[in-house]
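Asker: this one's sequence-less:
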Ligand SMILES: [Zn+2]
């Protein structure tokens, strides 16, 4: 950038790395591609691949992922 400075080094919030948006202990593969939309409410999960919010817990999120990839995971 011509005027240098702030390009690219401002800290950016990453929902996928926010521990408040994931279960502390879970080996559910659905969490690789999603996070809670509005914790502590856990019913709605945001898809990190497309941004879709699935209002049916992690189970529904995984069904959504399966629909995207054609594979059933978990
Ligand atoms: Zn998606």
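Answerer: Right, received. Where do you want to start? As the structure is a prediction and not an experimental result, all values here were calculated from the model. Residues are numbered from 1 along each chain as shown.
Asker: OK, contacts around residue 52?
Answerer: Applying CB atoms under 8 Å, 6 or more residues apart in numbering to residue 52 gives the contacts 46, 64. All C-beta spots, glycine's among them, are computed from the backbone N, C-alpha and C.
Asker: same question, residue 14
Answerer: Residues in contact with residue 14 (CB under 8 Å, 6+ apart): none are found.
Asker: how much space is there between it and the ion?
Answerer: For residue 14, the distance to the ion equals 17 Å [CB to the ion, to the nearest Å].
Asker: and if you look at residue 52?
Answerer: From residue 52 to the ion the distance is 4 Å (CB to the ion).
Asker: what's the pLDDT at that residue?
Answerer: The pLDDT attached to residue 52 in the predicted structure is 96.
Asker: what do you get for residue 5?
Answerer: pLDDT at residue 5 comes out at 56.
Asker: Please apply the same query to the one 4 residues further on.
Answerer: The pLDDT attached to residue 9 in the predicted structure is 70.
Asker: Within its local environment, how many residues does it see?
Answerer: 7 (other CB atoms under 10 Å).
Asker: you'd agree it is in a helix?
Answerer: No: according to DSSP: H, G, I helix; E, B strand; the rest coil, residue 9 belongs to no helix; its state is coil.
Asker: Please consider this matter closed, and thank you.
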